[in-house]
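>>> sharing a model that was predicted from the sequence below.
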Amino acid sequence: MAQVPARPLTTLLVGAAVLLVGYLVKYRGWTSLIAGVAPLDAETPLPVFVSYVGNVTLVAGGFVVCVGLAQALGVLSLVPGWLRGALFVAVVVLVAPRLSVRATEV
């Protein structure tokens, strides 16, 4: 499993980079950042797929930024390592499908 970087600044920068990629894909339509990824089926329009990928990336980036903030405040040391990964999976699995419903309303 991935480890949290030792310095909070590094974690915040990684989260900010992931957020930037999500923003560029979702709101600016930079589909070249997800090149080689085909839509889920042939009938899924590209804007819906781009919105879905952008939403998932934004959720993941937001979580990493929150982990960096928790690390900077010293709260992250209170959370066991196995629970950090479980929290990340829970955030992406529970939040991303809800956002995908909004993506289909584009």
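Perfect, thanks for sending it.

>>> where does the protein dip in pLDDT?
Applying pLDDT under 70 to the chain picks out residues 1-5, 33, 35-45, 96, 98-106.

>>> for the host helix or strand of P47, packing partners?
If you go by DSSP states H and E, P47 is part of helix 46-73. Other helices and strands packing on helix 46-73, by 3 or more C-beta pairs under 8 Å, 6 or more residues apart in numbering; DSSP states H and E, are helix 8-26, helix 81-103. Any C-beta I mention is one placed from the backbone N, CA and C, and that applies to glycine too.

>>> tell me which residues of it come out buried.
Across helix 46-73, burial judged by 16 or more other C-beta atoms under 10 Å covers 48-68, 70-71.

>>> sorry, back to before: now mean neighbour count and distance to S32 too, for the helices and strands packed on helix 46-73, in CSV please.
Below are the helices and strands packed on helix 46-73 laid out as CSV (neighbours: other C-beta atoms under 10 Å; distance: least, C-beta to C-beta, whole Å):
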stretch, mean neighbour count, distance to S32
helix 8-26, 17, 9
helix 81-103, 13, 19
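
>>> out of those helices, which is closest to I34?
Across the helices and strands packed on helix 46-73, I34 has its closest neighbour in helix 8-26 (6.1 Å, C-beta to C-beta).

>>> dump that closest one to PDB, restricted to CA.
Once non-C-alpha atoms are left out, helix 8-26 reads as follows in PDB (Å, rounded to 0.1, in the frame of the first residue of the first chain):
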ATOM      1  CA  PRO A   8       3.100  17.500   5.000                       C
ATOM      2  CA  LEU A   9       4.100  19.900   2.200                       C
ATOM      3  CA  THR A  10       4.900  17.000  -0.100                       C
ATOM      4  CA  THR A  11       1.500  15.500   0.600                       C
ATOM      5  CA  LEU A  12      -0.200  18.800  -0.100                       C
ATOM      6  CA  LEU A  13       1.700  19.300  -3.300                       C
ATOM      7  CA  VAL A  14       0.800  15.800  -4.600                       C
ATOM      8  CA  GLY A  15      -2.900  16.500  -3.700                       C
ATOM      9  CA  ALA A  16      -2.800  19.800  -5.400                       C
ATOM     10  CA  ALA A  17      -1.400  18.200  -8.600                       C
ATOM     11  CA  VAL A  18      -4.100  15.600  -8.600                       C
ATOM     12  CA  LEU A  19      -6.700  18.300  -8.100                       C
ATOM     13  CA  LEU A  20      -5.200  20.200 -11.000                       C
ATOM     14  CA  VAL A  21      -5.400  17.200 -13.300                       C
ATOM     15  CA  GLY A  22      -9.000  16.600 -12.300                       C
ATOM     16  CA  TYR A  23      -9.900  20.300 -12.900                       C
ATOM     17  CA  LEU A  24      -8.300  20.200 -16.300                       C
ATOM     18  CA  VAL A  25     -10.100  17.100 -17.400                       C
ATOM     19  CA  LYS A  26     -13.500  18.000 -16.000                       C
END
